[in-house]
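Asker: sequence first, then the predicted structure, then my questions.
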Amino acid sequence: MIKPEWSPRILSVLRIITGLLFLEHGTIKLLGFPAPMPGMEHLPPLLLVAGIIELVCGALITLGLFTRIAAFIASGEMAVAYFMGHMSHGFWPAMNQGEAAIMFCFIFLYLVFAGPGEWSADAMLRGPGRRA
């Protein structure tokens, strides 16, 4: 039987995994880790800004620090990324390779409203028993 008291903890796991995956996009763009972006010796300014957002917001979301603000910014970046970078290659996400951008956008939008979950720096700063 699934216990509802696990919901805040599983929300934290979703936040941490999503934050780490988002952070990885930033490290690829800015640090060339775990691999450099193919064909990008010098990042155009728009991708540089995207990399900074991904690095900073990915780290904040992973830690659960200022989660709602970071998730709001990250969700907006992913909406822009989809409409500017993917939609121009066709309507269907499976064909324009925009599925990840859509998923990130809506998971981050969910975090804006749901908060970081039980295991987060935000929860530690609030103190025991206090809700966001």
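Answerer: The structure has been received and is ready for your questions.
Asker: when you work out contacts or count neighbours from here on, use the C-alpha atoms and nothing else.
Answerer: Will do.
Asker: number of nearby residues for Glu41?
Answerer: Glu41: 10 surrounding residues under other C-alpha atoms under 10 Å.
Asker: for Val13, same thing?
Answerer: Val13: 18 surrounding residues under other C-alpha under 10 Å.
Asker: for it, identify the helix or strand it belongs to.
Answerer: helix 7-31 (DSSP states H and E).
Asker: which strands and helices sit next to the helix or strand just after that helix?
Answerer: On the C-terminal side of helix 7-31, the closest following helix or strand by DSSP H and E is helix 45-63. Under the contact criterion of 3 or more C-alpha pairs under 8 Å, 6 or more residues apart in numbering; DSSP states H and E, helix 45-63 touches helix 7-31, helix 67-81.
Asker: in TSV: the ones you listed, plus mean pLDDT and distance to Trp92.
Answerer: Converted to TSV, the helices and strands packed on helix 45-63 look like this (pLDDT from 0 to 100; distance: least, C-alpha to C-alpha, whole Å):
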stretch	mean pLDDT	distance to Trp92
helix 7-31	96	22
helix 67-81	98	15
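Asker: in TSV: those helices, plus distance to Glu54.
Answerer: Formatted as TSV, the helices and strands packed on helix 45-63 follow (distance: least, C-alpha to C-alpha, whole Å):
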stretch	distance to Glu54
helix 7-31	5
helix 67-81	7
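Asker: tell me the secondary structure for Trp119?
Answerer: Look at Trp119: counting by DSSP: H, G, I helix; E, B strand; the rest coil, its state is coil.
Asker: do I have it right that it meets Ile10?
Answerer: No. Using C-alpha atoms under 8 Å, Trp119 is not in contact with Ile10, being 9.2 Å away.
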